[in-house]
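> Next one to model:
(one chain, ligands or ions: 1)
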Amino acid sequence: MSDIIRLTAAELGEKISTGEISSVEATQAHLDRIAAVDGDVHAFLHVNEHALAAAAEVDARRAAGEQLGPIAGVPLAVKDVLVTTDMPSTSGSKILEGYMSPFDATVVARSRAAGLVPLGKTNMDEFAMGSSTEFSAYGPTRNPWDLDRIPGGSGGGSAAAVAAFEAPLALGSDTGGSIRQPAHVTGTVGIKPTYGGVSRYGAIALASSLDQVGPVTRTVLDAGLLHDVIGGHDPQDSTSLAQEWPSFAAAAREGATGQVLKGLRVGVIKELPDSGFQAGVAASFRESLAVMEAQGAEIVEISAPHFEYGVAAYYLILPAEASSNLAKFDSVRFGLRVTPDGNPTVEDVMSATRDAGFGPEVKRRIILGTYALSAGYYDAYYGSAQKVRTLIQQDFDAAFAQVDVIATPSAPTTAFRIGEKVDDPLQMYLNDLTTIPANLAGVPGISIPSGVAAEDGLPVGIQFLAPAHEDARLYRVGAALEAALVDSWGAPLLSKAPALRQAQGPKQGGTR
Ligand code: GLN
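Modelled structure (predicted):
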């Protein structure tokens, strides 16, 4: 395996800035890796045929004396929920097959301006509905740790690309856990920023009051570097916060010194007992807490009595918003159009298109959402769910009066087998038990690798949550624990992942 693909984005950016490696070389190394392994992993739906040209342009900008940022020239994988002008954007759905956007999502535009090189579009559950990437209309992504297992979802493609060293950085979106749960099952780092902290302009909407775009990386510092590029106010997004943010890379660097753990109050939720988690997940969580305690953190038991209703409230609010957001896929404005035989009406065309274009999970949620919003049931379902949402927000407020961060395991189990839960929606939904509350409350969350489960050798993540606007705290705490753990393991967790065999991957410029 080429050494270039083993470098973190911070290291690669440094070598590119000193001229030791060109962006073209860095990009070629990752395209070679994709060609070698993505036939097995299937992280990418589309590999960017313009990647080398974009890399050459960054090299030329540097040669011309332009001052570029710390990760200029580094390749980036982009979740297919984010629209791009030079590659199709499908959101994992047949209804958008081949769809070309007339504009770039703000996070993509900012990445290009900072000299990041888009490598391709990553696979995902259709319209970001799912926890395993099995609901992609284009076939599942496989977990690089064990190809028979799921890489999490909905952003399994971005997490698998980073875990398989196909990309040093990726963009994801997190509506109920789709950045953090894939990070947990692939041994990578994922951050859901504060709601409004990163622009949603050009992110194909799932549930607009919950969606956030964020970084998917191998280290906390790399996530901070990417967050610095994509974050901050965007007038194109009416929910974007008009505030100044500190440098998240600087916060990660400060955290890596370890000092921040001294006196840090870490809340552990008493209503989430160890018994609710796979044994190895609970054990790894306890070990991480012990490591933090040894460095001076104080573990405080807190009560968040409404957390356990998060999943129920989420599966009313999300389908309600999704059913409305997906109404625009009507055969007229975007993508697929299926015209039935005979003399079809507009409604016949719409209904045939939506029947052929949407997969089973999307249909399930549209039905759930329209039902929850229907006149006779609105108060009983949607209205009640919104009240629960408020109670969860109050739980957070009370907790953060006592502690600096809350810690939980990032998900209940390690990566399950492909096929294991795909026909059991409830089991699939329960994956997001610990990630959903952050979306309901709009607070930021980070998942970092905490080890492997003894029983199956698969990766486990620990999640930290902080008050809204305090994303920098997550970078400090995440980097501090990461430094302590990597020190105790002697190497990053991903170095323990079994090597992928070299399969034949997709051709560059191909849509798969
Ligand atoms: N797994 C959750 C769901 O299916 C989360 C999805 C997401 O964050 N996009 O809705």
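> which stretches of the stretch 401-512 of the chain form helices?
Per DSSP state H, counting those that start in this stretch, the stretch 401-512 of the chain carries helices over the ranges 425-429, 436-441, 471-489.
> Figure out how far the last one is from the centre of its chain.
If I follow you right, that is helix 471-489. 19 Å (CA atoms, centre = their mean, to the nearest Å).
> For that helix, which residues meet the burial criterion?
Residues 471-486 are the ones in helix 471-489 that count as buried (16 or more other CB atoms under 10 Å). Where C-beta positions appear, they are placed from N, C-alpha and C, glycine not excepted.
> State the mean pLDDT of that helix.
The pLDDT scores in helix 471-489 average 97.
> which helices and strands does it pack with?
Helix 471-489 sits against strand 189-192, helix 220-230, helix 248-255, helix 279-294, strand 405-409, strand 445-452, strand 459-465, with contacts defined as 3 or more CB pairs under 8 Å, 6 or more residues apart in numbering; DSSP states H and E.
> In JSON lines: these, plus distance to the ligand.
Listed next are the helices and strands packed on helix 471-489 as JSON lines, based on distance: least, CB to the nearest ligand atom, whole Å:
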{"stretch": "strand 189-192", "distance to the ligand": "8"}
{"stretch": "helix 220-230", "distance to the ligand": "17"}
{"stretch": "helix 248-255", "distance to the ligand": "21"}
{"stretch": "helix 279-294", "distance to the ligand": "17"}
{"stretch": "strand 405-409", "distance to the ligand": "16"}
{"stretch": "strand 445-452", "distance to the ligand": "11"}
{"stretch": "strand 459-465", "distance to the ligand": "14"}
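> how about the CA coordinates for the helix or strand that contains Ala312, as PDB?
Element membership of Ala312, judged by DSSP states H and E, is helix 310-325. This file holds the C-alpha atoms of helix 310-325, laid out as PDB (Å, rounded to 0.1, in the frame of the first residue of the first chain):
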ATOM      1  CA  GLY A 310     -36.000  10.100  21.500                       C
ATOM      2  CA  VAL A 311     -36.300   7.300  18.900                       C
ATOM      3  CA  ALA A 312     -40.100   7.300  19.100                       C
ATOM      4  CA  ALA A 313     -40.300  11.100  18.800                       C
ATOM      5  CA  TYR A 314     -37.700  11.100  16.000                       C
ATOM      6  CA  TYR A 315     -39.700   8.500  13.900                       C
ATOM      7  CA  LEU A 316     -42.700  10.900  13.900                       C
ATOM      8  CA  ILE A 317     -40.900  14.200  13.300                       C
ATOM      9  CA  LEU A 318     -38.500  12.800  10.700                       C
ATOM     10  CA  PRO A 319     -41.100  11.100   8.500                       C
ATOM     11  CA  ALA A 320     -43.300  14.200   8.800                       C
ATOM     12  CA  GLU A 321     -40.600  16.500   7.500                       C
ATOM     13  CA  ALA A 322     -39.300  13.900   5.000                       C
ATOM     14  CA  SER A 323     -42.800  13.400   3.500                       C
ATOM     15  CA  SER A 324     -43.000  17.100   2.800                       C
ATOM     16  CA  ASN A 325     -39.400  17.500   1.600                       C
END
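> which parts of it are buried?
310-311, 313-325.
> what mean pLDDT does the helix or strand that that helix is followed by have?
Counting by DSSP H and E, the next helix or strand C-terminal to helix 310-325 is helix 346-357. Averaged across helix 346-357, the pLDDT comes to 97.
> For helix 346-357, give me every contacting residue.
93-95, 329-332, 335-340, 344 (CB atoms under 8 Å, 6 or more residues apart in numbering).
> Tell me the spacing between Ala113 and the ligand.
Using CB to the nearest ligand atom, to the nearest Å, Ala113 is found at 26 Å from the ligand.
> distance of the closest residue to the ligand within the stretch 351-500 of the chain from Ser209?
Nearest residue of the stretch 351-500 of the chain to the ligand: Asp432, at 4.8 Å (CB to the nearest ligand atom). Asp432 sits 16 Å away from Ser209, going by CB to CB, to the nearest Å.
> Between those two, which is the more surrounded one?
The neighbour comparison of Asp432 against Ser209 (other CB atoms under 10 Å) goes to Asp432, with 26 against 16.
> how about the more buried one, what does it touch?
Contacts of Asp432 (CB under 8 Å, 6+ apart): Ser131, Gly176, Gly177, Gln181, Val311, Tyr314, Ala411.
> From those, pick out the ones that also neighbour the ligand.
The residues of the contacts of Asp432 that also fall near the ligand, by CB under 6 Å from any ligand atom, are Ser131, Gly176, Gly177.
> Name the member of the residues you listed with the most neighbours.
Neighbour max across the ones next to the ligand among the contacts of Asp432 (other CB under 10 Å) = Gly177, 32 neighbours.
> sec struct for that residue, please.
Following DSSP: H, G, I helix; E, B strand; the rest coil, the label given to Gly177 is coil.
> Grab the nearest non-local neighbour of Thr219.
Excluding the flanking residues, the one nearest Thr219 by CB to CB, 6 or more residues apart in numbering is Thr8, at 5.1 Å.
> pretty sure Leu368 is in contact with Glu321, am I right?
No. The pair Leu368 / Glu321 is not scored as a contact, 11.4 Å apart, by CB atoms under 8 Å.
> host element of the nearest residue to Tyr381 once chain neighbours are set aside?
Leaving aside its sequence neighbours, Tyr381 sits nearest to Ala372 (CB to CB, 6+ apart; 4.2 Å). Counting by DSSP H and E, the element that carries Ala372 is helix 360-373.
> could you say what helices and strands that helix packs with?
In terms of contacts (3+ CB pairs under 8 Å, 6+ apart), helix 360-373 is packed against helix 310-325.
> Can you give the contact residues for the helix it packs on?
Helix 310-325 is contacted by residues 127, 129, 175-176, 205-210, 365-366, 368-370, 372-373, 381-382, 384-386, 388-389, 392, 429-430, 432-433, 436-437, 439-440 when judged by CB under 8 Å, 6+ apart.
> contacting residues for the residue in the stretch 1-150 of the chain positioned nearest to the ligand?
Of all residues in the stretch 1-150 of the chain, Ala128 sits closest to the ligand, at 3.5 Å by CB to the nearest ligand atom. Ala128 makes contact with Val81, Ser91, Gly92, Ser154, Gly155, Ser173, Thr175, Ser178, Leu206, Asp211 under the criterion CB under 8 Å, 6+ apart.
> so which pair among those residues is furthest apart in space?
Farthest pair in the contacts of Ala128 (CB to CB) is Gly92 and Asp211. Separation: 14.8 Å.
> Please say which of the two ends up with more neighbours.
Neighbours per residue (other CB under 10 Å) separate Gly92 from Asp211, with Gly92 holding more: 31 against 25.
> so which strand or helix has that one?
Following DSSP H and E, one finds Gly92 outside all helices and strands.
> do you know how far it is from Ser154?
Gly92 is 7 Å from Ser154, by CB to CB.
> burial measure for the closest residue to Arg476 other than its chain neighbours, as a count.
Leaving aside its chain neighbours, Arg476 sits nearest to Gly255 (3.6 Å; criterion: CB to CB, 6+ apart). Gly255: 26 surrounding residues under other CB under 10 Å.
> Just the pLDDT at Arg512, thanks.
Per-residue confidence (pLDDT) for Arg512: 54.
> picking that back up, can you list the contacts of helix 346-357 in a markdown table and add distance to the ligand and neighbour count?
Shown next, in a markdown table, are the contacts of helix 346-357 (distance: CB to the nearest ligand atom, whole Å; neighbours: other CB atoms under 10 Å):
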| residue | distance to the ligand | neighbour count |
| --- | --- | --- |
| Ser93 | 13 | 27 |
| Lys94 | 18 | 17 |
| Ile95 | 17 | 26 |
| Phe329 | 17 | 23 |
| Asp330 | 22 | 18 |
| Ser331 | 25 | 21 |
| Val332 | 26 | 11 |
| Gly335 | 20 | 19 |
| Leu336 | 22 | 19 |
| Arg337 | 27 | 15 |
| Val338 | 26 | 17 |
| Thr339 | 32 | 11 |
| Pro340 | 31 | 14 |
| Pro344 | 33 | 14 |
